[in-house]
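**Q** Structure, please.
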Amino acid sequence: MACFLLAITASGFSVADVSAVYGFESRGEEQRYQNLIAELRCPKCQNQNIADSNSPISKDMRNLVYQMMLDGASNEEIVESLVDRFGEFVKYKPDLDSRTLVLWATPVIAVLGGLLVVAGVVVRSRRAGTAAPALSNEEQARIDKMLGERNQGGNA
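**A** Modelled structure (predicted):
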């Protein structure tokens, strides 16, 4: 029996085992818990949510979320409590404020910049295509002479 429990503990925490580990009154509460732990990032692991992380701090965070749910805290209160404790990094979608304005604006700036570059290239190519420089009489005579020599040399 002890070996079995040790093997389960060593294998890690899976999302399917949530109802076996935590007792939920309804399927809705379990789904709320799943959503919360999926949207919070592990402070130790890079770009891994606390639902998928096996780190001790993620386990503590999952326990804290569960306990706060039992105490009647709202989703916002739970997230803000974890942000206060671990920092803004735990949120995958940080709030829009003066510190994160560049983060939120960068994709828009990049798309607008790309559109401006494409528009500039298109306008420049249209202008260049319609305004072909005319050849002078001398240049035209040289071309005719070269083409004439080439045609005569090819027939010989």
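**Q** For the residue nearest the centre of the chain, what are phi and psi?
**A** Nearest to the mean C-alpha position of the chain, counting by CA atoms, centre = their mean, stands Tyr92 at 9.7 Å. Main-chain torsions, Tyr92, degrees, to the nearest 10: phi -70, psi -30.
**Q** shaky segments in this structure?
**A** Within the chain, the ranges that satisfy pLDDT under 70 run 1-22, 129-133, 152-156.
**Q** Show me where it has its helices.
**A** With DSSP state H as the criterion, the chain has helices at 2-11, 18-21, 27-39, 56-70, 75-86, 101-130, 137-155.
**Q** mind giving me JSON lines with those helices and columns for distance to Gln46?
**A** To be clear about C-beta, it is placed using only N, CA and C from the backbone, and glycine gets the same treatment. Putting these into JSON lines (distance: least, CB to CB, whole Å) gives the following:
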{"stretch": "helix 2-11", "distance to Gln46": "22"}
{"stretch": "helix 18-21", "distance to Gln46": "23"}
{"stretch": "helix 27-39", "distance to Gln46": "17"}
{"stretch": "helix 56-70", "distance to Gln46": "13"}
{"stretch": "helix 75-86", "distance to Gln46": "14"}
{"stretch": "helix 101-130", "distance to Gln46": "17"}
{"stretch": "helix 137-155", "distance to Gln46": "64"}
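**Q** ok, and which of the ones you listed has the densest surroundings?
**A** Of all these, helix 56-70 has the most neighbours on average by mean count of other CB atoms under 10 Å, namely a mean of 17.
**Q** How about residues contacting that helix?
**A** With contacts defined as CB atoms under 8 Å, 6 or more residues apart in numbering, helix 56-70 is touched by 13, 22, 29, 32-33, 36-37, 40, 42-45, 50-51, 77-78, 81-82, 86, 90.
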